[in-house]
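*Asks:* Test case, fold it:
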Amino acid sequence: MNDYVDKRIERFETLLKEIWTASEKYLGTFSVKLLVERAVWDLSAEYREIELLQCDEGGISCAEIAASVKKNPNLPVDEMFTKFITKYVEILARLVGREKTDKIVKKLNEEFGGISFNL
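*Replies:* Below you'll find the model as predicted:
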């Protein structure tokens, strides 16, 4: 069970790093960090573990979340990360417009089959 959850977290971390890199190219590190912090803040009442998501000028990391899951194996990892990414994209949509955001959501759904990211 832990191997499965660890692999899920690794997969989400890879996706988050890709989102970070793509967003950083257009928005800059500071803005992306603010977006991540806002999405974390929005979800923290529902999932306290999302506050363990680390980001700085070097990128984004799920290491502390992975460590926390070992103490709380019942954490709904897929649901938490899906809601985080959806929240991030919702905030991004307000900044760059719905048309560009729809392309991002389409790509997320293609690359992360089985999990639906909808706005």
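*Asks:* where exactly do the helices run in this structure?
*Replies:* 2-27, 29-43, 63-71, 77-96, 98-111 (DSSP state H).
*Asks:* Give the other helices and strands that the last one contacts.
*Replies:* Read that as helix 98-111. helix 77-96 (3 or more CB pairs under 8 Å, 6 or more residues apart in numbering; DSSP states H and E). (C-beta placed from N, C-alpha, C; glycine too.)
*Asks:* ok and the helix it packs on relative to helix 29-43, angle-wise?
*Replies:* Between helix 77-96 and helix 29-43, the angle comes out at 130 degrees (axes from the mean of the first three to the mean of the last three CA atoms, to 10 degrees).
*Asks:* could you give the mean pLDDT of helix 77-96?
*Replies:* For helix 77-96, the per-residue pLDDT values average out at 90.
*Asks:* If you count contacts, what does it end up packed against?
*Replies:* helix 2-27, helix 29-43, helix 98-111.
*Asks:* In a markdown table, list the helices of the chain along with distance to residue 49 and mean neighbour count.
*Replies:* Below are the helices of the chain laid out as a markdown table (distance: least, CB to CB, whole Å; neighbours: other CB atoms under 10 Å):
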| stretch | distance to residue 49 | mean neighbour count |
| --- | --- | --- |
| helix 2-27 | 11 | 15 |
| helix 29-43 | 10 | 17 |
| helix 63-71 | 5 | 14 |
| helix 77-96 | 7 | 18 |
| helix 98-111 | 21 | 13 |
